[in-house]
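Peer 1: structure of the sequence below:
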Amino acid sequence: MKNIGYWLGGGVVAFLIARAVVNKSQAVKSLNVNISKIDFNKKDLTFVVFVRLINPGNAPIRINAIVGDIIWKGTYGAVLDYRTPIELKALEERTIQIPIKMNADLYTLILDLVMGKTKGMLTGLFEIKGNVNAEGLVVPFVYSKEIKIA
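Peer 2: Residues are numbered from 1 along each chain as shown. As a prediction, this is how the structure comes out:
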């Protein structure tokens, strides 16, 4: 008879753990990630990406990292790299600022634009392709915009 109580107790604990894992998984799948703004500081020639995170679920979500590639006209030009864990409460919205780490080619292009060395129209597709690691699950996101600079 004693063993039945242990088995029942173990079964209840296993059920509660499984339910919590399913709830977290569903919350992570509904996580909304989007780029709300990209800001350029001409003074120190740096870019910052504003990433908006919305947790529409009823469970908190721990976000471990946000990483991605910045692509200009099909060429990888920079990296988005944020690895400071944050906890997004249930129904919370938060915008975080992530500095872009540019490679030399993109940095030179930006510098030439700011200094007025580039002549004519500069057009191309600007993209950010990344992933959010939340609760050990990966949530992809994409931002794409056709840019025209005169």
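
Peer 1: not counting its neighbours along the chain, what's nearest residue 37?
Peer 2: With sequence-adjacent residues excluded and distances taken as Cβ to Cβ, 6 or more residues apart in numbering, residue 37 is closest to residue 50, at 4.1 Å. Heads up, the C-betas are built off the backbone N, CA and C, glycines and all.

Peer 1: list the beta-bridge partners for residue 49.
Peer 2: residue 38, residue 98 (DSSP bridges).

Peer 1: now for it: which residues touch it?
Peer 2: Neighbour list for residue 49: 35, 37-38, 80, 97-100, 128 [criterion: Cβ atoms under 8 Å, 6 or more residues apart in numbering].

Peer 1: can you check the pLDDT for it?
Peer 2: For residue 49, the pLDDT comes out at 91.

Peer 1: then the one 5 residues further on?
Peer 2: Confidence at residue 54, expressed as pLDDT, is 94.

Peer 1: if I look at the closest residue in space to it that isn't next to it in sequence, how far off is residue 52?
Peer 2: The shortest distance from residue 54 to any non-neighbouring residue, by Cβ to Cβ, 6+ apart, is to residue 32 (4.0 Å). As judged by Cβ to Cβ, to the nearest Å, residue 32 and residue 52 stand 8 Å apart.

Peer 1: residue 139 too?
Peer 2: 13 Å.

Peer 1: no further questions, thank you.
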